[in-house]
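Enquirer: sequence and predicted structure below; questions after.
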Amino acid sequence: MIEDFIKENKETMIKKLQELIQIPSVYSESKNPLMPFGENANKALEYMLNLGKSLGFRTKNIDGYCGYIEFGEGEEMLGIIGHLDVVPSGDNWTYPPFSATIFDNKIYGRGAIDDKGPVIASLYAMKYVLDNCEVHKRIRLILGLNEENDWKCISYYKKHEESPTIGFSPDADFPCIYAEKSILTPYFSMNYTKSDYDISIREFDCNNNAINVVPKICSTVLEISSNIVMDDFIKVIKNILDKYDFEIDVYKLNNEEIKLTSYGVGAHSAHPDLGINAISRLIIILDDLFKTYNINIELFDFFTKYINTEYNGESLGINCKDESGILTLNVGNINLDNNVLKIGLNLRIPISVPIDNIENTFMKCLSNYKEINYKKVDFKQSLYIPKDNYLVKTLCDIYNEEANSYLEPIAIGGATYARAFDNCISFGANLPGQKDMCHQTDEFISIDNLLFACRVYARAIYELSK
């Protein structure tokens, strides 16, 4: 019966997902209290709530912070927790990132797999259960709008609404996730003003890179004094570049300014080894360049000694690993604003490692520097539910039976809304062995994956609420 439902609703699901992707729901600052995350995020929420209402569900907009789509009765609630916001699209897409172009049985677009495709699959799975099954819980699809930033949406939800009794987040991988690493986002900063030195930094531009994305482009503009001949300065830079295998372009803007643009490969910061960090490479070159002219910028010196281009914390002397994997590190941001130079990191920490161990290591490294300040901007505690737990076993078994496989639950470095609630884990929709396109250029979801996820979610909803 589920196969008939999917066949009947396939084209509608595709169309609705395309329309949702076409809303560029990237976070933006807003002065409208009813649209705290910007007009486009609000449009995405209203689109989904209207769609839910048209399918026969109860809906609620929770003051523009989030919303839900619900059916069923009972004291207990099964929560399905997804998000409608997306990271910035970046450049060099084969198809426009908000066009939702279909090619080769794939729907391309920012948010296709993270997390709009899985949200649509979940909604239509709910519709199947509503029309065809008897359940004894309320089933609620919770829709967040600030997942890619600081989770203010889900914090607001928890203050004003009931939390699920049990649930899953369709925002990761199959077969299911039993552990998610803790996440630390610190910033290192120092005062920086133009001085009497012959070289100074005017600006940095990281193309609005999100802290949880490996940056694929970063540029800086340097000002030089009349004491330096521009052509000689360019030769020095190129000699430094010859020592490294970095892709960095050098542009002469005028006789007093030069621009360096560093190129990398984007990736999710949970998998920094899959990318090439444009910021890291630019800092290394700048540190070498400034020191050539006897200028020491403490923040750059600290970076090249302890962070460098490593993505696993080895330069810091951190070599931690457990069943959830190794520590990973992404350099996600650098900026110069109001005479303050800042570098932002995003670390994914194994579940058994206390955050104090990491911060104490930072403090030890910083003890040699007088000008650098440390600030913890965000921290998300790890999630761990044993593999033999009812929820983990049930969801893993459902996937394996539907996929005819024998896979074990896995641990990830990503963060999903599952960790915001008790008795909740992440479940799909990335398929095992498939390249994770989350936060990547040319993000897509295959139509087969979309329909398969709908079938799996329908069974999961029924099994967890019957």
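Expert: Nice, I can see it.

Enquirer: please parse the chain into its domains.
Expert: 2-180+383-465, 183-380 (automatic domain parsing).

Enquirer: now the shortest one: average pLDDT?
Expert: In this model, domain 183-380 has an average pLDDT of 90.

Enquirer: now do the contacts for the spatially closest residue to residue 267 that is not a sequence neighbour.
Expert: Excluding the flanking residues, the one nearest residue 267 by Cβ to Cβ, 6 or more residues apart in numbering is residue 275, at 3.1 Å. In short, each C-beta sits where N, CA and C put it, glycine included. Applying Cβ atoms under 8 Å, 6 or more residues apart in numbering to residue 275 gives the contacts 214, 216, 264, 265, 266, 267.

Enquirer: and residue 79, which of the three is it?
Expert: strand (DSSP: H, G, I helix; E, B strand; the rest coil).

Enquirer: burial measure for it, as a count.
Expert: The local packing of residue 79 (other Cβ atoms under 10 Å) involves 27 other residues.

Enquirer: gap between residue 283 and residue 303?
Expert: 5 Å (Cβ to Cβ, to the nearest Å).

Enquirer: next, show the common contact partners of those two.
Expert: residue 343.

Enquirer: who's in contact with the most centrally placed residue in the chain?
Expert: Geometric centre of the chain, nearest residue: residue 212, 4.7 Å, by Cα atoms, centre = their mean. Listed by Cβ under 8 Å, 6+ apart, the contact partners of residue 212 are 87, 148, 268, 269, 270, 330, 332, 346, 439.

Enquirer: pull the most distant pair out of those residues.
Expert: Across those, the longest distance by Cβ to Cβ is 14.1 Å; it joins 148 and 330.

Enquirer: helices along this protein, start to end?
Expert: Taking DSSP state H as the test, the helices found in the chain are 2-21, 39-54, 117-132, 152-160, 230-241, 278-292, 298-306, 355-366, 390-403, 447-465.

Enquirer: would you format these as CSV with mean neighbour count included?
Expert: What follows is these, written out as CSV (neighbours: other Cβ atoms under 10 Å):
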stretch, mean neighbour count
helix 2-21, 16
helix 39-54, 19
helix 117-132, 24
helix 152-160, 18
helix 230-241, 14
helix 278-292, 22
helix 298-306, 19
helix 355-366, 15
helix 390-403, 18
helix 447-465, 22
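
Enquirer: for those helices, which one sits closest to residue 103?
Expert: helix 447-465 (10.8 Å).

Enquirer: now that closest one: average pLDDT?
Expert: In the prediction, helix 447-465 has an average pLDDT of 97.

Enquirer: next, the angle from that helix to helix 390-403.
Expert: 140 degrees (axes from the mean of the first three to the mean of the last three Cα atoms, to 10 degrees).

Enquirer: packing partners for helix 447-465?
Expert: helix 2-21, strand 77-83, strand 106-108, helix 117-132, helix 390-403, strand 429-430 (3 or more Cβ pairs under 8 Å, 6 or more residues apart in numbering; DSSP states H and E).

Enquirer: mind putting those into CSV with mean pLDDT and distance to residue 192?
Expert: Listed next are the helices and strands packed on helix 447-465 as CSV, based on pLDDT from 0 to 100; distance: least, Cβ to Cβ, whole Å:
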stretch, mean pLDDT, distance to residue 192
helix 2-21, 97, 40
strand 77-83, 98, 36
strand 106-108, 98, 41
helix 117-132, 98, 43
helix 390-403, 97, 49
strand 429-430, 94, 41
